[in-house]
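Colleague: Got a predicted structure here, sequence first:
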Amino acid sequence: MTIRDSRAVAARLLALCSIFAAGGGAALAQQAVPFANGVPVAPELPVLPLPDHPLTYKTAEGMDVRIVVVARGIEHPWSIAFLPNDVMLVTQTHGGMRVIRKGVLDPTPVAGVPEVKAIRRSGMLDVALHPKFADNQLVYYTYHKPMADDKGALALGRGKWDGKALVGAKDIFVTEPDVGSISRIAFGRDGMLYMTTPGGADGKPQDGMSLAGKVLRLRDDGTVPSDNPFAAKPGYRPEIYTLGHRGTIGLAVHPGTGELWESENGPNGGDEINVLKPGGNYGWPLVSLGRTYQGPWHSQKFQQDGLTDPIVYWTPAIAVSGLMFYTGDKLPKWKGDVFVGSLRTGEIIGTGHFERILFNEKMEELRRESLLKDWGHRVRDLKQGPDGLIYVLLDDDDGAVLRIEPAQ
């Protein structure tokens, strides 16, 4: 029995039990829930204020860590990249990039960054360095680009870092309008750049002529490789590497296999981690382990022939965001583990955290640990720094970068 089969059986049994417990034919709602724009209005829990000094935090593996606030005052940070000489670039969701030099946030935003179309939690998105950054100083980024008629498109841009600004920044790939407004990028071992796009429930993630709900594979200049899986297939855009994705907010290269791993949001449940294979179809919106926000299951099927199952899933959802493999030696009990961020748990605001997932040698899940759950902050991204420590971005109005280091 597969993941989707076992979860389907369990879910149906729970549903039947709740119906009969309520008195036979029809279950009654526990309480009237307010809705806004067709979505239940979730309660909001307070989050803890950030500490003004380092704190020691106990973990499940018997390894105490210390949490340090590196910088704060970044409005809704989305992503981080590490430059030489202890310099960090941080994207700021509603526009711009910020620089942290030797632990100090520069009050002046980076010059040369394009204007964004800011909506909700989107605008300036991911940032990554070219694999040969030491030679070419190229910085890549994705953003929500303003278009005519108040539309927006996902754009991939690049510019040269001169130590203070992005010089000659320009778009090298732009999607069609209204594809969506979230994205991650990563360079694979093949030197190609992989770019994610979000997909709604309108069928576009399964439409080969739409870029919505896809992972794209591009050269470092934004052009399309001739060996892409759909490059010569009629009815498909040649940029497509995989399809059938919903809201991808995590993308990373496995340090051992070189495979791309991707994390994506389901609706009300059904968050996933997927291992990407060329030409793979990951199911959205045909199958899902999540419910709609109004309560019913999103789909009547949890799996289907020809569609690839996730290797990790969350129900209820944690609004999974960010994805990284820890390969350092500074936190030895976590070496080889996978980390993801969480923006909220079970649709309750103020329940963000990050999670550690331990796998066996076959990359089968053994256990999970939730960290900083008592803090409640939205965790947008996590990255391993060149110092072998973990950096965590808190997606708040007064956002921050945390460093996770050994307690001793």
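Modeller: Structure's in. What do you need? Residues are numbered from 1 along each chain as shown.
Colleague: how about the helices in the stretch 51-200 of the chain?
Modeller: 133-136 (DSSP state H, counting those that start in this stretch).
Colleague: what residues are up against Leu389?
Modeller: By CB atoms under 8 Å, 6 or more residues apart in numbering, the contact set of Leu389 is 328, 330-331, 403-405. In this view, the C-beta of every residue, glycine as well, is placed from N, C-alpha and C.
Colleague: partners of Ile357 in the sheet?
Modeller: Val338, Arg368 (DSSP bridges).
Colleague: That one and Gly290, how far apart?
Modeller: With distances taken as CB to CB, to the nearest Å, Ile357 is found 19 Å from Gly290.
Colleague: And these two? Which one has more around it.
Modeller: Shown here are Ile357 and Gly290; by other CB atoms under 10 Å, Gly290 has more neighbours (24 against 16).
Colleague: can you list the weak-confidence ranges in this structure?
Modeller: Counting by pLDDT under 70, the chain contains low-confidence ranges at 1-27.
Colleague: for the residue nearest the centre of it, helix, strand, or coil?
Modeller: For the chain, the residue nearest the mean C-alpha position is Ile249 (1.9 Å; CA atoms, centre = their mean). On the three-state scheme (DSSP: H, G, I helix; E, B strand; the rest coil), Ile249 is labelled strand.
Colleague: Quick check: it touching Gly322?
Modeller: Yes: using CB atoms under 8 Å, Ile249 is in contact with Gly322, at 6.7 Å.
Colleague: what do the two both touch?
Modeller: 263, 341, 380.
Colleague: So which of those residues are in strands?
Modeller: Of those, the ones assigned to strands by DSSP state E are 263, 341, 380.
Colleague: Show me where the stretch 1-150 of the chain has its strands.
Modeller: 35-36, 39-40, 55-57, 65-74, 77-83, 87-92, 97-101, 104-105, 124-129, 138-146 (DSSP state E, counting those that start in this stretch).
Colleague: among the ones you listed, which is nearest Gly200?
Modeller: Closest approach to Gly200 among the strands of the stretch 1-150 of the chain (CB to CB): strand 39-40, 13.9 Å.
Colleague: which other residues reach that closest one?
Modeller: 33-34, 293-294, 347.
Colleague: Each with direction, which strands does that strand pair with?
Modeller: strand 35-36 (antiparallel).
Colleague: about what we covered before: now, of the contacts of Leu389, which are buried?
Modeller: Buried subset of the contacts of Leu389 (neighbour count, 16 or more other CB atoms under 10 Å): 330-331, 403-405.
Colleague: mind listing what Leu109 touches?
Modeller: Slight slip there: residue 109 is Pro, not Leu. With CB under 8 Å, 6+ apart, Pro109 has these contacts: 92, 96-98.
Colleague: Which of the contacts of strand 39-40 are buried, as a ChimeraX select command?
Modeller: Buried members of the contacts of strand 39-40, defined by 16+ other CB under 10 Å, are picked up in ChimeraX with:
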select :293,347
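Colleague: Would you reformat the contacts of strand 39-40 as TSV and include distance to Tyr241?
Modeller: TSV is the format used below for those (distance: CB to CB, whole Å):
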residue	distance to Tyr241
Val33	40
Pro34	41
Tyr293	29
Gln294	33
Glu347	31
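Colleague: And the contacts of strand 39-40, which is closest to Gly306?
Modeller: Once CB to CB is applied, the member of those that ends up nearest Gly306 is Tyr293, at 27.6 Å.
Colleague: Tell me who's in contact with the closest one.
Modeller: By CB under 8 Å, 6+ apart, the contact list for Tyr293 reads 38-40, 267-268, 347.
Colleague: Buried ones only from those, please, as a ChimeraX command.
Modeller: Burial among the contacts of Tyr293 is assessed by 16+ other CB under 10 Å; the matching ChimeraX selection reads:
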select :267,268,347
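Colleague: sorry, back to before: of the shared contacts of Ile249 and Gly322, closest to Gly203?
Modeller: Nearest to Gly203 among the shared contacts of Ile249 and Gly322, counting by CB to CB, is Ser263 at 22.5 Å.
Colleague: Report the separation between that closest one and Thr248.
Modeller: Here Ser263 is placed at a distance of 7 Å from Thr248 (CB to CB).
Colleague: Look at the two and report which has more neighbours.
Modeller: Set Ser263 next to Thr248 and count neighbours by other CB under 10 Å: Thr248 wins out with 29 against 26.
Colleague: Name the nearest residue to that one, sequence neighbours excluded.
Modeller: Distance criterion CB to CB, 6 or more residues apart in numbering; nearest residue to Thr248, sequence neighbours excluded, is Thr196 at 3.8 Å.
Colleague: Could you do Gly103 as well?
Modeller: Val70 (5.7 Å).
Colleague: if I read this right, the one you found contacts Arg403, doesn't it?
Modeller: Yes: at 5.0 Å, Val70 counts as touching Arg403 under the criterion of CB under 8 Å.
Colleague: returning to what we had before: which one of the ones in strands among the shared contacts of Ile249 and Gly322 is nearest Glu115?
Modeller: Comparing those against Glu115 with CB to CB places Arg380 closest, at 21.3 Å.
Colleague: ok, that closest one - contacts?
Modeller: For Arg380, the contacting residues are 76-79, 249, 321-322, 341, 343, 393-395, by CB under 8 Å, 6+ apart.
Colleague: Show me which of these is closest to Pro51.
Modeller: Leu394 (12.3 Å).
Colleague: Just give me the closest of the contacts of Arg380 to Thr257.
Modeller: Gly322 (20.1 Å).
Colleague: separation between that closest one and Tyr241?
Modeller: Counting by CB to CB - Gly322 and Tyr241 are separated by 20 Å.
Colleague: ok, now Met363?
Modeller: Taking CB to CB, one finds Met363 at 20 Å from Tyr241.
Colleague: and if you look at Val167?
Modeller: Distance of Val167 to Tyr241, computed by CB to CB: 30 Å.
Colleague: With neighbour numbers in mind, choose between these two.
Modeller: Ranked by neighbour count (other CB under 10 Å), Val167 and Tyr241 place Tyr241 first, with 24 against 14.
Colleague: Off-centre distance for stretch 386-402?
Modeller: Averaging C-alpha positions (CA atoms, centre = their mean, to the nearest Å) puts stretch 386-402 14 Å from its chain's average.
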